[in-house]
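**Q** What follows is a predicted protein model with its sequence.
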Amino acid sequence: MTKQAFSFEKALEELQTIVSSLENGNVGLDQSLGLYERGVELVRLCNRRLEEAQQRVNAVVTTQDGTVTIEPFRGEE
């Protein structure tokens, strides 16, 4: 599966599985390191997807004179 086709939800699901495996403690050191590295990769992918989504979100703003406009989302200020 390519990174573009790998959805946020799939990445999060795999990340949750990795965390469960690591918390369980039933994997060896080499496998734990591999899972950790994959987890870091998935976290980065999820962060990129969230940043992309935030850039696409628009906010509906009502000005003092009652005009409604759509502006780019700026997050918490």
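**A** Noted; the coordinates are in hand. Everything numeric here is computed off the predicted structure, so don't read it as measured data.
**Q** Backbone torsions only: list them for Val68.
**A** The phi and psi values for Val68, taken as degrees, to the nearest 10, are phi -100, psi 130.
**Q** what's the spacing between it and Thr62?
**A** For Val68, the distance to Thr62 equals 5 Å [Cβ to Cβ, to the nearest Å]. For every residue, glycine as well, the C-beta is placed using N, CA and C.
**Q** Ignoring the adjacent residues along the chain, who's closest to Arg38?
**A** Ile18 (6.2 Å; Cβ to Cβ, 6 or more residues apart in numbering).
**Q** Just checking the distance from the helix or strand bottoming out on mean pLDDT in the chain to the centre of its chain.
**A** Lowest on mean pLDDT, DSSP states H and E among the helices and strands of the chain sits strand 58-62, with a mean of 75. Here strand 58-62 is found 24 Å from its chain centre; the criterion is Cα atoms, centre = their mean, to the nearest Å.
**Q** could you dump the helix or strand following that strand to PDB, C-alpha only?
**A** As assigned by DSSP states H and E, the chain's next helix or strand after strand 58-62 is strand 68-72. The C-alpha coordinates for strand 68-72 follow below in PDB (Å, rounded to 0.1, in the frame of the first residue of the first chain):
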ATOM      1  CA  VAL A  68     -20.600  36.500   6.600                       C
ATOM      2  CA  THR A  69     -17.300  35.500   5.100                       C
ATOM      3  CA  ILE A  70     -15.200  32.400   4.800                       C
ATOM      4  CA  GLU A  71     -11.600  32.700   5.900                       C
ATOM      5  CA  PRO A  72      -8.800  30.200   6.300                       C
END
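**Q** what does the average pLDDT come to for strand 68-72?
**A** Predicted confidence along strand 68-72 averages 79 (mean pLDDT).
**Q** And the closest residue to Thr69 other than its chain neighbours, how far from Gln55?
**A** Ranked by Cβ to Cβ, 6+ apart and with sequence neighbours excluded, the top spatial neighbour of Thr69 is Val61, at 5.3 Å. Noted for Val61: a distance of 17 Å to Gln55, by Cβ to Cβ.
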